[in-house]
Structures are given as structure tokens and as C-alpha cells.
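Chemist: 3D, please:
(chains A, B and C)
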Amino acid sequence: MVGCVVRHGETSGRIVETEAYHDSEPACHAFVGLTPRTRVLFGPPGIAYVYRSYGIHALLNAVTEREGTGAAVLIRALEPIDGIDLMRERRGLDHIEDLCSGPGKLTQALGIGLDLNGTPLDGPIEILPAAPGERPRTVAGTRIGITKAVELEWRFCDVDSRCVSQPRLASPV
DNA sequence: GCCAGGATCGTCT
DNA sequence: GACGATCCTGGCG
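Modeler: Numbers count the residues shown, from 1 in each chain, chains lettered A, B, ... in the order given. The predicted model follows:
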């Protein structure tokens, strides 16, 4: 998904960092099975899973596996494309690299809230294919901010982007 | 630049 | 009643 574009209203950005979650490993919310909270994760793919983190932030995921499997890709960082001034207003910041360089930051910048949980990704939130011929250089590393299944290298970053979150993964070269 | 601490609430024990 | 798939600020060097 790195290289694809996320759009909401007048704002959009190119995905430069993601993490994968699957019900087979305990860091995934779906690991506990089907509950009211994880209902969307176990539903059909192509749906937004938006949840509240640390009581404050909204985090955006794309449900990826077929119905019955609880799996999603967390969108962790974007390179701003459209609506940059609106993003600056929402974030109260000027610097482009800081507008969407984290999972809670990008939902604030794009105006994505919990009300969009369960909506299709060709609806109010859209995820669009990467530009033709685009082949971002990506590196894999361990996921951020979790305490279980720490060893899985399921975080993926665009090495050439300065809009990824901390800590930066080293370039493969 | 690095680190510690606080904000704040849905979900499950 | 505890715990996060986080972010920001302020202190210190």
C-alpha cells in the first residue's frame, strides 16, 4: 500500500508508512476474537477501521482480508498532497514534514474521526492506487508502540520520504 | 537533541 | 480499575 493515496474531502496524501495486523498474532485487536469493537475487522475488505488510541487520537486502518479473517493495515504516515493549508490549520503547524508523520497526526490533518469507522474506502475516505510505474523503495522493520508480537517485522516505510514517523528505519543501501 | 510525564476514554477484567 | 497500534510540552544539555 506504500505509494497509494488517501483522500478525505479536500485533503489527500501519499502513503509512506504502514503496519500490518492479523488475528493470528496478539498485537492485533482482532486477536481476542469477534466483539462489538472488532466487528469491522472481521468484515469484508476495503472498509475503514477507525478507533480511538490513548483516549485521544483516531487511528485509520484499511481492512484487508476476506470476511471472517480479522486483519488490517494501519496507515502510519503520509506525504501531504492536496489541502496542505487546511492541514496546517487543523494541526496548528507550518512544517510539511510534521503534518502527517504519525498515525494520530494524519487523521487530525485529514479530519478523519471515529464516525467514519465502518465506511467503505471508496466512500468519504478513499484509497487510490499508486501512480502508474511508481515503485517506492521500501524497508521493513518492527512495529511501533506495541508490547506483544514485538519481533514481527510488519512495519513498512518508504526509505526516500522525509514524512515517516520516528524512529526512522535505516536505508537498505 | 533526548527523555519524562500528562492528557483522556473505550474496551475488557 | 487497568491499559493502550499516540502526541505534545517542558526540562535539561
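
Chemist: run a quick neighbour tally on A:Ala27.
Modeler: Neighbourhood size, A:Ala27 [other Cβ atoms under 10 Å]: 17. The C-beta positions use only the backbone N, C-alpha and C, and glycine is treated the same way.

Chemist: cool, the one 3 residues further on as well?
Modeler: Close neighbours of A:Ala30, defined as other Cβ under 10 Å, add up to 25.

Chemist: just the closest residue of chain A to DNA strand C, please.
Modeler: A:Gly145 (1.7 Å; Cβ to the nearest atom of the strand).

Chemist: for that residue, helix, strand, or coil?
Modeler: With DSSP: H, G, I helix; E, B strand; the rest coil as the basis, the three-state label of A:Gly145 is coil.

Chemist: against A:Thr138, how distant is whichever residue of chain A sits closest to DNA strand B?
Modeler: Going by Cβ to the nearest atom of the strand, DNA strand B is nearest to A:Gly55 of chain A, at 2.5 Å. Distance of A:Gly55 to A:Thr138, given as Cβ to Cβ, to the nearest Å: 32 Å.

Chemist: okay, these two: which has more neighbours?
Modeler: A:Thr138 (18 against 5).

Chemist: quick check, that one in contact with A:Asp160.
Modeler: No: counting by Cβ atoms under 8 Å, A:Asp160 is not a contact partner of A:Thr138; they are 9.5 Å apart.

Chemist: ok, back up a step: the residue of chain A closest to DNA strand C: neighbour count?
Modeler: Neighbour tally, A:Gly145, other Cβ under 10 Å: 11.

Chemist: where does chain A have low pLDDT?
Modeler: A:172-173 (pLDDT under 70).

Chemist: ranges for the helices of it?
Modeler: A:84-91, A:96-99, A:103-110 (DSSP state H).

Chemist: return the most buried member of the ones you listed.
Modeler: helix A:103-110 (a mean of 24; mean count of other Cβ atoms under 10 Å).
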